[in-house]
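Enquirer: I would like to see how this sequence folds:
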Amino acid sequence: MSTTRDARPRDTDRRAPRRRRRTRWLLIAFVASLASVVGGMVWLEALHPQLEPPAQRGMAVADAPPLALDEVRTCQRSTEHDVADDIRDDFPSGGRISSTQLYQCPMAFDQVEATFVGEAIGELLHRDGGAWLQVNDDAYALEVGPMIGHRERAGFNTGVSVWLPDGLHERVGSVGRPAQRGDVLALRGTVHRADPDDGGGITLRADELEVLAEGVAIEPPFHLVQAIVAGVLAALAIASLVWARVVRRR
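Expert: Here you go, the predicted model:
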């Protein structure tokens, strides 16, 4: 009795190692390409020319009044009334507060006269009788300036929404943007823990405004190496497109 053998299983067994090898090399090529891209980005970042230190660029604000309270105390649900009362007793009327102190224990500063120092950023949102303005008092606003042109990472952006009545908001000359440090303002007014005109947010309704430092435009240094790399990559991309069209026509 004769038997016949099916050749298809053998072909399948022979092709499987080839497919595995092909898949393995594709994964290796992908990982190598990704590592090259990441390494190139890190290399370009390390070669990026830096601006002068903040003090030489006019970024550091030296004329700001000191904070009335050095300590940042947090109001917890179980003890918030006691902590808030202690802070309110120690805080002088009109003293300077930071946004961190305010957000850590807003109950302590509700309806309190305070001074807030920070950079005007974004846009003036005009409303009847005045305008809303975001004012940040983080390190980028008062110490190192906008991130563009330097790699001095100094925490997060923090600030307060400020209401400027007519007669005050007109004195804001410039606001902060990626390549612009806005006017640094000293604002005195009343803190509102839950302002209904701001959707229940924490605000400062200003009565007085002083410009401590005018806005400064940032001119980032030209990155020659980055420009060369971009030109080479663009040329390679164009050459690849031309080559693909030539091969397709053949």
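Enquirer: And the average pLDDT for stretch 117-132 is what?
Expert: Mean pLDDT, computed over stretch 117-132, is 94.
Enquirer: Can you show me the CA trace of that stretch as PDB?
Expert: Extracted C-alpha coordinates of stretch 117-132, given in PDB (Å, rounded to 0.1, in the frame of the first residue of the first chain):
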ATOM      1  CA  VAL A 117       4.300  90.100  43.600                       C
ATOM      2  CA  GLY A 118       4.400  88.400  40.300                       C
ATOM      3  CA  GLU A 119       4.700  88.400  36.500                       C
ATOM      4  CA  ALA A 120       1.700  89.400  34.300                       C
ATOM      5  CA  ILE A 121       1.200  86.500  31.900                       C
ATOM      6  CA  GLY A 122      -1.300  85.500  29.200                       C
ATOM      7  CA  GLU A 123      -3.800  88.100  28.300                       C
ATOM      8  CA  LEU A 124      -5.900  90.800  30.000                       C
ATOM      9  CA  LEU A 125      -9.500  89.600  30.000                       C
ATOM     10  CA  HIS A 126     -11.500  92.800  29.900                       C
ATOM     11  CA  ARG A 127     -14.900  92.800  31.700                       C
ATOM     12  CA  ASP A 128     -17.200  95.600  32.700                       C
ATOM     13  CA  GLY A 129     -15.400  97.800  35.200                       C
ATOM     14  CA  GLY A 130     -11.900  96.200  34.800                       C
ATOM     15  CA  ALA A 131     -10.000  93.100  33.700                       C
ATOM     16  CA  TRP A 132      -8.800  89.700  34.900                       C
END
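Enquirer: how about that stretch: buried residues?
Expert: Neighbour counts over stretch 117-132 (16 or more other Cβ atoms under 10 Å) mark 117, 118, 119, 120, 121, 124, 130, 131, 132 as buried. (Each C-beta comes from the backbone N, C-alpha and C, glycine too.)
Enquirer: Name the nearest of those residues relative to residue 104.
Expert: Nearest to residue 104 among these is residue 118, at 16.7 Å by Cβ to Cβ.
Enquirer: OK, contacts around that closest one?
Expert: 99, 135, 136, 137, 141, 142, 159, 160, 184, 185, 187 (Cβ atoms under 8 Å, 6 or more residues apart in numbering).
Enquirer: is it true that residue 88 touches residue 112?
Expert: Yes - if you go by Cβ atoms under 8 Å, residue 88 and residue 112 touch, sitting 6.9 Å apart.
Enquirer: between these two, who's got more neighbours?
Expert: Neighbour count, other Cβ atoms under 10 Å: between residue 88 and residue 112, residue 112 has more, with 18 against 15.
Enquirer: And the more buried one, its phi and psi?
Expert: Main-chain torsions, residue 112, degrees, to the nearest 10: phi -100, psi 140.
Enquirer: for residue 162, same thing?
Expert: According to degrees, to the nearest 10, residue 162 has phi -120, psi 130.
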